[in-house]
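[1] return a 3D structure for these sequence lines:
(3 chains)
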Amino acid sequence: MKSLLVLGGARSGKSRYAQARSEEIPGKLAYVATAQALDEEMADRIARHRADRNALWHTIEAPFDLADAISSAAQEADAILVDCLTLWLSNLILAGADIEVAGDILCQTVATCGVPIALVSNEVGLGIVPDNALARTFRDAAGRLNQKLAGEIAEVVLVTAGLPLRIKPG
Amino acid sequence: MKSLLVLGGARSGKSRYAQARSEEIPGKLAYVATAQALDEEMADRIARHRADRNALWHTIEAPFDLADAISSAAQEADAILVDCLTLWLSNLILAGADIEVAGDILCQTVATCGVPIALVSNEVGLGIVPDNALARTFRDAAGRLNQKLAGEIAEVVLVTAGLPLRIKPG
Amino acid sequence: MKSLLVLGGARSGKSRYAQARSEEIPGKLAYVATAQALDEEMADRIARHRADRNALWHTIEAPFDLADAISSAAQEADAILVDCLTLWLSNLILAGADIEVAGDILCQTVATCGVPIALVSNEVGLGIVPDNALARTFRDAAGRLNQKLAGEIAEVVLVTAGLPLRIKPG
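    Modelled structure (predicted):
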């Protein structure tokens, strides 16, 4: 694995697949989590994901400063897993950040960090057009970010029902 | 065909594909329908689907007791088509049933029923996060059920615009 | 390229891909736009798409009479790009038109127009069932139109994060 982008819908098994691929790399593994436990539902999900990972993993929380977290992790770890870009993007949009600039910095950091990195991201554009403008803004931004990263990253996999489909060979 | 899971979005042609694959098997065909005609829109859909099937098919209605219906059908039929898991899951959730247990029993029944079985299921996780909690619960449950079945079933096909893409070879 | 149907979600890069494929054909290119600038958000999108195209392209607006626009364009152009069918369908539904008949006429026109034609269409059926009946009607109609066209057109490509996946070989 050089760098890997794992796309998929909700509950598609994308996180599990990205984790399994990362665990093929011997050595220390850094898990960069972008989720914020703002409510109980979210706290439950975070706890469940954490329990799924074994002792090989060191967790870093980075709801906003993702590029910094990747750069730091790259000093210590032999592989990095970022889960997930969709929550990170959502955090940035709600905070009013410049998401185009943040996306460019992320791409550059992934390209230059020097260790294998897997990034998990949701596909959110295959339903009907959402009613509210914020959801449309988010949907557009998520699609653009996925396109930008897919252009840079060596291997891209689409996961459906736990089954990987390689849409860009590594 | 041993066992086959057909995934796809709404109006993707997944039912027609699953039906065509089932009709390749000579003999008696059992159609296990999970839909309930609770309103006119639904009654129309059911009638349209029934009209699409020819005299080879024997229809069994199983909005809740799907595993039992499969076991009974396996006594008589040479192939079984279940259409669809998404409605069945929705019926169970609305009835307050234990969907994890029901999913496990279904998996076991499919694995041991002894006749070729095709199951149709919707992919529902590729839009934006739904506003209401019930829809999120349903979306999560549907994704987990698809993953569980895809792990057990020999062949998995994703249908888009009527075109099959084999994501797990049979 | 004979004829090409490009499917994908919102911001999947489907328009860019269809445009790139069309530009491989030497000669005059006709861009048939189905969007109506009913509000500022839409006007912005139209302007952005127009700016993405170079001087090779001649733009024809056809929010309703798509088959006529294709027939006219075929007299002048060496290749035609229609972007997108989803907005056209939405325009027809809101106007109360007979979408089955319009879909059949479109299919026939594409089959007989005599120049290579690329059509862009959204996949909208992979989220949860929409709350309102109009959205469900639209979703069903969009799925049926995609199936009908995918049956007729030589090559069908599904685009995810800018990456094409050929689901029907040309």
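
[2] which stretches of chain A form strands?
    For chain A, strands defined by DSSP state E occupy the ranges A:3-8, A:29-33, A:57-61, A:79-83, A:117-122, A:155-160, A:163-168.

[3] so which bits of the worst-scoring helix or strand of chain A on mean pLDDT are buried?
    Sorting the helices and strands of chain A by mean pLDDT, DSSP states H and E puts helix A:40-52 at the bottom, at a mean of 79. Residues of helix A:40-52 classed as buried: A:46, A:49 (neighbour count, 16 or more other CB atoms under 10 Å in any protein chain shown). The C-beta positions use only the backbone N, C-alpha and C, and glycine is treated the same way.

[4] that helix - contacts with which helices or strands?
    Under the contact criterion of 3 or more CB pairs under 8 Å, 6 or more residues apart in numbering or on different chains; DSSP states H and E, helix A:40-52 touches helix A:14-23.

[5] isn't residue A:155 right up against residue A:4?
    Yes - if you go by CB atoms under 8 Å, residue A:155 and residue A:4 touch, sitting 4.8 Å apart.

[6] and the two? Which one has more around it.
    Per other CB atoms under 10 Å in any protein chain shown, whichever of residue A:155 and residue A:4 has more neighbours is residue A:4, with 23 against 18.

[7] quick check: chain neighbours aside, which residue is closest to that one?
    residue A:118 (4.3 Å; CB to CB, 6 or more residues apart in numbering or on different chains).

[8] in contact with that neighbour, which residues?
    Taking CB atoms under 8 Å, 6 or more residues apart in numbering or on different chains, we find residue A:118 in contact with A:1, A:3-6, A:18, A:21-22, A:79-82.

[9] 6 Å instead?
    A:4, A:18, A:21-22, A:81 (CB atoms under 6 Å, 6 or more residues apart in numbering or on different chains).

[10] up against chain C, what does chain A have?
    A:125-128, A:139-140, A:143-144, A:146-147, A:150, A:158, A:167-168 (CB under 6 Å from any CB of the partner chain).

[11] do that again at 8 Å, thanks
    Contact residues, chain A versus chain C (CB under 8 Å from any CB of the partner chain): A:5, A:7, A:9, A:123-129, A:133, A:136, A:139-140, A:142-144, A:146-147, A:149-151, A:156, A:158, A:165, A:167-168.

[12] only the buried subset of those residues, as a PyMOL command please.
    Buried subset of those, written as a PyMOL selection, criterion 16+ other CB under 10 Å:
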select buried, chain A and resi 5+7+9+123+124+125+126+127+128+129+139+142+143+144+146+147+149+150+156+158+165+167+168
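
[13] mutual contacts of residue A:155 and residue A:4, please.
    Joint contacts of residue A:155 and residue A:4 (CB under 8 Å, 6+ apart) are residue A:170.

[14] need the longest helix for chain A.
    helix A:133-152 (DSSP state H).

[15] is that helix up against chain B anywhere?
    Yes - for helix A:133-152, a contact with chain B is found by CB under 8 Å from any CB, at A:135, A:138-139.

[16] surely residue A:35 touches residue A:44?
    No - counting by CB under 8 Å, residue A:35 does not reach residue A:44; the two are 11.0 Å apart.

[17] what number of residues are in the vicinity of residue A:109?
    Residue neighbour count, defined by other CB under 10 Å, stands at 17 for residue A:109.

[18] contacting residues for it?
    Counting by CB under 8 Å, 6+ apart, residue A:109 has contacts A:67, A:70-71.

[19] just the buried ones from those residues?
    Here, 16+ other CB under 10 Å leaves A:67, A:70 buried among the contacts of residue A:109.

[20] closest to residue C:97 out of the contacts of residue A:109?
    residue A:67 (49.6 Å; CB to CB).

[21] what's the closest non-adjacent residue to the closest one?
    Sequence neighbours aside, residue A:109 is the residue nearest to residue A:67 in space, at 4.2 Å (criterion: CB to CB, 6+ apart).
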